[in-house]
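Q: Turn this into a structure:
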Amino acid sequence: MTTFWLAVLIIAIALVFDYINGFHDAANSIATIVATRVLTPFQAVLWAAFFNFVAAFLFGTAVASTVGKGFVNVSLVTPYVIMAGLAGAIIWDLITWWLGLPTSSSHALIGGYAGAAMAHVGLTRGLSHGFEGLIWGQWPKTLLFILAAPLIGLISAYMLMVAVYWLFRNSSPSKMDFYFRKLQLLSAAAFSLSHGANDAQKTMGIITGVLVASGFQKTFQVPIWVILAAHAAIALGTLSGGWRIVHTMGARLTRLKPRSGFCAETGAAIAVLLATHLGLPVSTTHAIAGAITGVGSIQRMKAVRWGIATNIVWAWVMTIPAAAAIAWVSFCLLHFVIGA
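A: Modelled structure (predicted):
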């Protein structure tokens, strides 16, 4: 296969990952607004998909640069490394989607990319040199945000709920819900914008990495067509929905009402937009799960189903190493079958 067609194939796989990211993480964008019955599932995915795409015109590409060159030694990256990394992320995303676990596509991609790079170095220089495929780069801040994102979402949503209860202390619950059913349209739009802004950039980083590794670009700069393609793919994926995960996030974790849905979405959007501003790939899943937990715990701790929350946290912990392991095996198969 020529370099050109190999690059085309990997870019197509990257866009498939972006599409899967859209329907895997669509639950994050729409779970609360569906659970509160402000919009039907079909209306909600249209709403989320639109704002996922609009994000292409509002935010830069700092996260794309971080993903493309902030975790692995780019001098050791080949198109096959990127292909195996994408395989690790896609397979893990599909496994967790099937199980209904709201894991992070972001961390699956990072883990897959790292695992494939380590396999490449291990096979060419010896297994003991595998970690030479990684760089210190953005790992500390990104791993820190695995904890920080849900905490920021939780605290923000909790404080918003306190403010809402104080501001509407003389209002009946039905009157509060009348207003917040409308306000939740804005909060869902804000969270979908943050999702598109952060998550689509990860695919941009991978595609730009393919262009550099294949020799089609000398510098790491995201072309406009890559920006539009990545946002279109994630928007189309969102339109497909992820109903298994919607059920876990919107109904099983805690019961939501329009006012709590508004606070959860707004709190999560704050966490994701902060990370995007810092140029960090963050998990929208972690942010919204933390925010939902925050609004659920304001009345009483038993309102949160902590058994479900524990399963979600274990899935988070497993994502990077599991995707890395799948990508490692994928690269080894490519190496021994086609000499990658």
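
Q: From here on, just use CA atoms for contacts and neighbour counts.
A: Noted.

Q: So which elements touch the host helix or strand of G22?
A: According to DSSP states H and E, G22 maps onto helix 3-35. Here helix 3-35 touches helix 41-54, helix 79-99, helix 105-125, helix 173-213, helix 224-240, helix 243-247, helix 258-277, helix 284-297, going by 3 or more CA pairs under 8 Å, 6 or more residues apart in numbering; DSSP states H and E.

Q: The last one - contacts with which helices or strands?
A: The helices and strands touching helix 284-297, judged by 3+ CA pairs under 8 Å, 6+ apart, are helix 3-35, helix 139-167, helix 258-277.

Q: ok, now the third one?
A: Secondary structure elements in contact with helix 105-125, counted by 3+ CA pairs under 8 Å, 6+ apart, are helix 3-35, helix 79-99, helix 173-213, helix 306-338.

Q: which helices and strands sit right next to the longest one?
A: Counting contacts by 3+ CA pairs under 8 Å, 6+ apart, helix 173-213 is packed against helix 3-35, helix 41-54, helix 62-69, helix 79-99, helix 105-125, helix 224-240, helix 258-277.

Q: highest average neighbour count across the helices and strands packed on helix 3-35?
A: With neighbours defined by mean count of other CA atoms under 10 Å, none of these is more surrounded on average than helix 284-297, at a mean of 29.

Q: got the angle for it vs helix 3-35?
A: For helix 284-297 against helix 3-35, the angle by axes from the mean of the first three to the mean of the last three CA atoms, to 10 degrees is 10 degrees.

Q: Tell me, what's the model's pLDDT at the closest residue to I11 other than its chain neighbours?
A: Closest residue in space to I11, ignoring its immediate chain neighbours: I207 at 5.8 Å, by CA to CA, 6 or more residues apart in numbering. What the model reports as pLDDT for I207 is 93.

Q: Ok, which of the helices and strands packed on helix 105-125 comes nearest W136?
A: helix 306-338 (15.8 Å; CA to CA).

Q: Now do H335: how many residues are near it, please.
A: If you count neighbours by other CA atoms under 10 Å, H335 ends up with 16.

Q: Please report the distance of the residue nearest to K202 when sequence neighbours are not counted from H120.
A: Leaving aside its sequence neighbours, K202 sits nearest to A64 (CA to CA, 6+ apart; 5.2 Å). Distance from A64 to H120, counting by CA to CA, to the nearest Å: 22 Å.

Q: can you check G60 too?
A: G60 is 31 Å from H120, by CA to CA.

Q: who touches G133 in this structure?
A: The contact partners of G133, taken as CA atoms under 8 Å, 6 or more residues apart in numbering, are 72-73, 76, 114, 117-118, 120-121.

Q: 10 Å instead?
A: By CA atoms under 10 Å, 6 or more residues apart in numbering, the contact list for G133 reads 71-77, 114-122.

Q: hmm, back to that, for the residue nearest to K202, what are its contacts?
A: By CA under 10 Å, 6+ apart, the contact list for A64 reads 70, 198-209, 220-222, 227, 276, 279-281.

Q: Dump the helices and strands packed on helix 105-125 into a markdown table; add distance to V295 as well.
A: Converted to a markdown table, the helices and strands packed on helix 105-125 look like this (distance: least, CA to CA, whole Å):
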| stretch | distance to V295 |
| --- | --- |
| helix 3-35 | 11 |
| helix 79-99 | 25 |
| helix 173-213 | 14 |
| helix 306-338 | 14 |
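
Q: So which of those is nearest L109?
A: helix 79-99 (4.8 Å).

Q: What helices and strands are in contact with that closest one?
A: Counting by 3 or more CA pairs under 10 Å, 6 or more residues apart in numbering; DSSP states H and E, the packing neighbours recorded for helix 79-99 are helix 3-35, helix 105-125, helix 173-213, helix 243-247, helix 306-338.

Q: ok and the third one relative to helix 139-167, angle-wise?
A: Think helix 173-213. Using the same axes, to 10 degrees: helix 173-213 against helix 139-167 is 160 degrees.

Q: mind checking how far helix 173-213 is from the chain centre?
A: Helix 173-213 sits 10 Å away from the centroid of its parent chain (CA atoms, centre = their mean, to the nearest Å).

Q: Okay, the closest residue in space to F4 that isn't next to it in sequence and T66: tell me how far apart.
A: Distances taken as CA to CA, 6+ apart place S214 nearest to F4, at 7.7 Å, with adjacent residues excluded. Distance of S214 to T66, computed by CA to CA: 19 Å.

Q: Looking at the two now, which is surrounded by more residues?
A: Using other CA under 10 Å as the criterion, S214 and T66 rank with T66 on top: 20 against 17.

Q: isn't the more buried one right next to Q138, touching?
A: Yes. Here T66 reaches Q138: they are 7.0 Å apart, a contact under CA atoms under 10 Å.

Q: hey, what's in contact with both of those two?
A: With CA under 10 Å, 6+ apart as the test, T66 and Q138 both reach 279-281.

Q: Let me have those in JSON lines, extended by neighbour count.
A: Shown next, in JSON lines, are the shared contacts of T66 and Q138 (neighbours: other CA atoms under 10 Å):
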{"residue": "G279", "neighbour count": "21"}
{"residue": "L280", "neighbour count": "25"}
{"residue": "P281", "neighbour count": "30"}
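
Q: quick one: which of those residues is nearest W47?
A: Nearest member of those to W47, counting by CA to CA, is P281, at 23.2 Å.
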